[in-house]
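J.: sequence first, then the predicted structure, then my questions.
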Amino acid sequence: SAVISQKPSRDICQRGTSLTIQCQVDSQVTMMFWYRQQPGQSLTLIATANQGSEATYESGFVIDKFPISRPNLTFSTLTVSNMSPEDSSIYLCSVEDSGANVLTFGAGSRLTVL
Amino acid sequence: AQSVTQPDIHITVSEGASLELRCNYSYGATPYLFWYVQSPGQGLQLLLKYFSGDTLVQGIKGFEAEFKRSQSSFNLRKPSVHWSDAAEYFCAVAVSGGYQKVTFGTGTKLQVIP
């Protein structure tokens, strides 16, 4: 199955700043997904990123707050903009692993906003 | 829209005891069903999946799950729990082939006591 690397694994940020999370996959994939896991909560899909097109955002998430890039079939970034303490979460990158017909996840990026 | 309910937020079992984690889903047709495990500080790892066929599916680490259509359930079981099984477990449901619409339950945190 696909192997996903996420950077940074964790970070502590100041209110009002922005942070970009990187997701690298060891194989070419069509769809990449970004999830948020707030403390003690389940996973919520932020957006779906297809290479060569604008990301598709789920209800409650907007591009200005969570801009996403997908420059090629193995890489994507998620930026969390103008952060507030409510953005403190684990952000997970995921891909559709067609060989296994499942979602495969990266280890996540734990973000703390002070 | 599909939904997933994990009624147990937290479960404590003794090492060597059997385990059953409950999962109920709501979806009109036969869904794709998954169980994932998240160890502290880690991403999600797939334990097992059900798409069709035999309703008792075997997964990694000695886990199994049984799909019961009449009860809309997909409970996870293990006959003998090891201390290393302490983690959070997520049940998930997807529309057939629609990985961009995977819905996760709220998770069950498993504590294993000696």
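T.: Perfect, I can see it now.
J.: so where is the chain shaky, pLDDT-wise?
T.: Picking chain A for this. Within chain A, the ranges that satisfy pLDDT under 70 run A:99.
J.: chain B, not that one
T.: Counting by pLDDT under 70, chain B contains low-confidence ranges at B:96-100.
J.: centroid residue for it?
T.: Taking Cα atoms, centre = their mean, the centroid of chain B lies closest to residue B:35, which sits 3.4 Å from it.
J.: and that residue, what does it touch?
T.: Neighbouring residues of residue B:35 by Cβ atoms under 8 Å, 6 or more residues apart in numbering or on different chains: B:21, B:23, B:46-49, B:59, B:63, B:65, B:74, B:76, B:89-92. To be clear about C-beta, it is placed using only N, CA and C from the backbone, and glycine gets the same treatment.
J.: and if you look at residue B:105?
T.: Applying Cβ under 8 Å, 6+ apart, we find residue B:105 in contact with A:42, B:4, B:5, B:6, B:23, B:90, B:91, B:92.
J.: got it, and residue B:33?
T.: B:23, B:25, B:49, B:50, B:65, B:67, B:74, B:91, B:92, B:93, B:94 are the contacts of residue B:33 under Cβ under 8 Å, 6+ apart.
J.: with only the CA atoms kept, save the longest strand seen in chain B in PDB.
T.: Once chain B is assigned using DSSP state E, the strand that runs over the most residues is strand B:87-95. The C-alpha trace of strand B:87-95 is given here as PDB (Å, rounded to 0.1, in the frame of the first residue of the first chain):
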ATOM      1  CA  ALA B  87      -5.400   2.600  21.300                       C
ATOM      2  CA  GLU B  88      -8.300   4.400  19.800                       C
ATOM      3  CA  TYR B  89     -10.500   2.500  17.300                       C
ATOM      4  CA  PHE B  90     -12.600   4.000  14.600                       C
ATOM      5  CA  CYS B  91     -15.300   2.500  12.600                       C
ATOM      6  CA  ALA B  92     -15.900   4.000   9.200                       C
ATOM      7  CA  VAL B  93     -18.400   3.700   6.300                       C
ATOM      8  CA  ALA B  94     -18.100   4.600   2.700                       C
ATOM      9  CA  VAL B  95     -20.500   4.800  -0.200                       C
END
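J.: many thanks, have a good one.
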